[in-house]
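Trainee: What follows is a predicted protein model with its sequence.
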Amino acid sequence: MTIAGSDSVGGAGLQADIKAFEAVGVHCCSVVTCVTSQNTKRVSSIFPLPLPTIEDQIDSVLEDVKLDAVKTGMLYSGDIAELVAKKLKRGVGPIVVDPVLAASTGALLHSTGLVEAIITKMMPICTLVTPNAPEASRISGIKVKNEKTANEAGFEILEMGPKAVLIKGGHLKGPDAADYLFIGNKVVKLATPRAVGDTHGTGCALASMIAAHLALDQGIEESVRNSKRMIYKAIMSREIVGKGVPCANPLAVLRIDAKKADMLEELELAGGELEKLMDGDLLPEVGSNMAYAVPGALEADEIAAFDGRIVRTRRGARIVGPARYGASKHVARIIVAASCHDPGIRCALNLKYSESNLEACREAKLSIASFQRAREPKGVSSMTWGVHMAIQRAGGVPDVIYDKGGLGKEPMIRLLGTTPEDVLTKLKRIKAKR
């Protein structure tokens, strides 16, 4: 069950909660605390429902349904929080509290007394509380601005009674979006690549996904890890609903799974074209590969590529094996890094570096950026670091990223695009200019 406010634009609140529960495979009952009039740019009004109406909703569900987990979102006032805490003392399974204080547009979503009621009434009965950095600062009294202060605030909040605390680090600086899970005296750092730009509804959906996993009898840490991966896909599949902040897509995982077979077919069809287009002047010594990622891919097993790569033979370029997920790590890292800056970039192909190939890219009117391996810091992935550096220098994701190699590293050109068809179109332009 979710106990939350209604978002009229459908990107956050109980609308996002219902989608998130469904994405995990769990039915969602709902209790409305407030009706908000909002869109992707602003909140224009908030109408808190009368306490008896909220109480009636909770009673109606509890008298009929055995709940496996509860998630609370926008409670708005101290009175509503106290009522909800009183009703949930009966024993309703794990309780996940998302202490919503503000919308992604910056509007306040609480009134006087809410923070105190969350601390004194909700914290002692909850399994997990999921504040973002500003919320953790308000609750703990410690300004959360980095990993050190996040740790201090996390243990401070843990002393208030919850079994676990998840401080979400989206508001903190750094190359990754790192969250910090506090259980007992242990801190678990969970990081995913940082997506560029704001997204509406991520906090609501994440807390609901965690509650749904808890309802399926997963442990707290396992539930958080699985939900963290899901919310990244929801962010990377965000939808332009209105004129303001894009909305997270909690159902992205279900849509992605449905498209995986079609993506393999797209890649196989592109393979036939690649064998015709690629020649000795385009094939690197180490071979080539085209990779195609699901939206929000984090690992190689979420990115399809050709098993055994594309290699040079006496009969020309040949694809060694079929398209399958997890067949490439090198090109996969390129896509994961580039998609942080533009979620639409999901396909890449590596080509042989030469001045003539680079000139052909220029003549084909493709945007180009580069990085220098000599400047690569120790302990980082070459492709991840290099792609981020090239994109930052270019001010956006280019069509082409190249480097001139280094000790034991072949120089390379990488061609980026949205789909295999898009990359093939760019490759044809390059070949025409060569």
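Mentor: Structure's in. What do you need?
Trainee: Output the below-cut-off pLDDT ranges for the stretch 51-200 of the chain.
Mentor: The model of the stretch 51-200 of the chain has pLDDT under 70 over residues 103-108.
Trainee: Strands along that one, start to end?
Mentor: 70-72, 95-97, 128-129, 164-167, 176-183, 186-193 (DSSP state E, counting those that start in this stretch).
Trainee: List the residues that contact Thr199.
Mentor: 104, 235, 238, 245-248 (CB atoms under 8 Å, 6 or more residues apart in numbering). Yep, even glycine has a C-beta here, placed from its N, CA and C like the rest.
Trainee: if we can go back for a sec, put together TSV for the strands of the stretch 51-200 of the chain, with distance to Ala261 on each row.
Mentor: Shown next, in TSV, are the strands of the stretch 51-200 of the chain (distance: least, CB to CB, whole Å):
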stretch	distance to Ala261
strand 70-72	33
strand 95-97	34
strand 128-129	36
strand 164-167	35
strand 176-183	30
strand 186-193	26
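Trainee: For those, give me CSV that also has mean neighbour count.
Mentor: Below are the strands of the stretch 51-200 of the chain laid out as CSV (neighbours: other CB atoms under 10 Å):
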stretch, mean neighbour count
strand 70-72, 28
strand 95-97, 29
strand 128-129, 28
strand 164-167, 28
strand 176-183, 20
strand 186-193, 16
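Trainee: and Gly386, which of these is closest to it?
Mentor: Taking CB to CB, strand 186-193 is the member of those nearest to Gly386, at 14.4 Å.
Trainee: What residues sit buried inside the helix or strand following that closest one?
Mentor: Heading C-terminal from strand 186-193, the first helix or strand you meet, by DSSP states H and E, is helix 202-215. Buried positions in helix 202-215, judged by neighbour count with 16 or more other CB atoms under 10 Å: 202-215.
Trainee: Show the average pLDDT along helix 202-215.
Mentor: Per-residue pLDDT over helix 202-215 has a mean of 97.
Trainee: by contact count, what packs against that helix?
Mentor: Applying 3 or more CB pairs under 8 Å, 6 or more residues apart in numbering; DSSP states H and E, we find helix 202-215 packed against strand 2-7, helix 13-24, strand 70-72, strand 95-97, helix 220-236.
Trainee: Could you check the angle the second one makes with helix 202-215?
Mentor: Looking back up the chat, that one is helix 13-24. 40 degrees (axes from the mean of the first three to the mean of the last three CA atoms, to 10 degrees).
Trainee: Could you check how far helix 13-24 is from the centre of its chain?
Mentor: 16 Å (CA atoms, centre = their mean, to the nearest Å).
Trainee: got it, and stretch 177-190?
Mentor: That offset, for stretch 177-190, works out to 18 Å (CA atoms, centre = their mean).
Trainee: Just the CA coordinates for it, please, in PDB.
Mentor: The C-alpha coordinates for stretch 177-190 follow below in PDB (Å, rounded to 0.1, in the frame of the first residue of the first chain):
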ATOM      1  CA  ALA A 177      25.200   9.200  -8.200                       C
ATOM      2  CA  ALA A 178      26.100   7.500  -4.900                       C
ATOM      3  CA  ASP A 179      23.500   6.500  -2.300                       C
ATOM      4  CA  TYR A 180      24.500   5.500   1.300                       C
ATOM      5  CA  LEU A 181      22.600   2.700   3.100                       C
ATOM      6  CA  PHE A 182      23.000   2.500   6.900                       C
ATOM      7  CA  ILE A 183      22.200  -0.800   8.600                       C
ATOM      8  CA  GLY A 184      23.400  -1.300  12.200                       C
ATOM      9  CA  ASN A 185      27.000  -0.100  12.200                       C
ATOM     10  CA  LYS A 186      27.500  -0.800   8.500                       C
ATOM     11  CA  VAL A 187      27.500   1.700   5.600                       C
ATOM     12  CA  VAL A 188      26.900   0.400   2.000                       C
ATOM     13  CA  LYS A 189      27.800   2.700  -0.800                       C
ATOM     14  CA  LEU A 190      25.700   2.100  -3.900                       C
END
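Trainee: still on that earlier bit, from the buried residues of helix 202-215, pick the one nearest Thr2.
Mentor: Ser208 (6.3 Å).
Trainee: Distance of the closest one relative to Asp17?
Mentor: For Ser208, the distance to Asp17 (CB to CB, to the nearest Å) stands at 4 Å.
Trainee: again with Ala270
Mentor: Distance from Ala270 to Asp17, by CB to CB: 39 Å.
Trainee: Can you pick out the residue with more neighbours from the two?
Mentor: Asp17 (30 against 25; other CB atoms under 10 Å).
Trainee: So the more buried one sits against Gly203, correct?
Mentor: No - the criterion here is CB atoms under 8 Å, and Asp17 misses it with Gly203 at 10.7 Å.
Trainee: for Arg414, what are its contacts?
Mentor: In this structure, Arg414 makes contact with 331, 334, 348-351, 387, 400-402, judged by CB under 8 Å, 6+ apart.
Trainee: Oops, could you answer that again for Val31 instead?
Mentor: So Val31 contacts 1-4, 54, 57-58, 61 (CB under 8 Å, 6+ apart).
Trainee: Tell me the one of these nearest Ala300?
Mentor: Thr2 (34.6 Å).
Trainee: partners of that closest one in the sheet?
Mentor: Ser30, Lys71 (DSSP bridges).
Trainee: contacting residues for it?
Mentor: Thr2 sits in contact with 14, 17-18, 21, 28-31, 70-73, 208, 211, where contact means CB under 8 Å, 6+ apart.
Trainee: Pull out the buried residues from stretch 19-32.
Mentor: 19-24, 26, 28-32.
Trainee: Tell me the residue in this protein that is farthest from the middle.
Mentor: No residue in the chain sits farther from the centre than Arg314, which is 44.2 Å out by CA atoms, centre = their mean.
Trainee: circling back: looking at the contacts of Thr2, which is nearest Glu82?
Mentor: Thr72 (12.3 Å).
Trainee: Leaving out sequence neighbours, find the closest residue to that closest one.
Mentor: Ile3 (4.6 Å; CB to CB, 6 or more residues apart in numbering).
Trainee: Surely that neighbour touches Tyr76?
Mentor: No - judged on CB under 8 Å, Ile3 makes no contact with Tyr76 at a distance of 11.0 Å.
Trainee: Mind checking which of the two has more residues around it?
Mentor: Ile3 (29 against 25).
Trainee: Distance check, the more buried one against Lys163.
Mentor: Ile3 is 19 Å from Lys163, by CB to CB.
Trainee: What of Arg314?
Mentor: 65 Å.
Trainee: Lys228 now?
Mentor: Lys228 is 18 Å from Lys163, by CB to CB.
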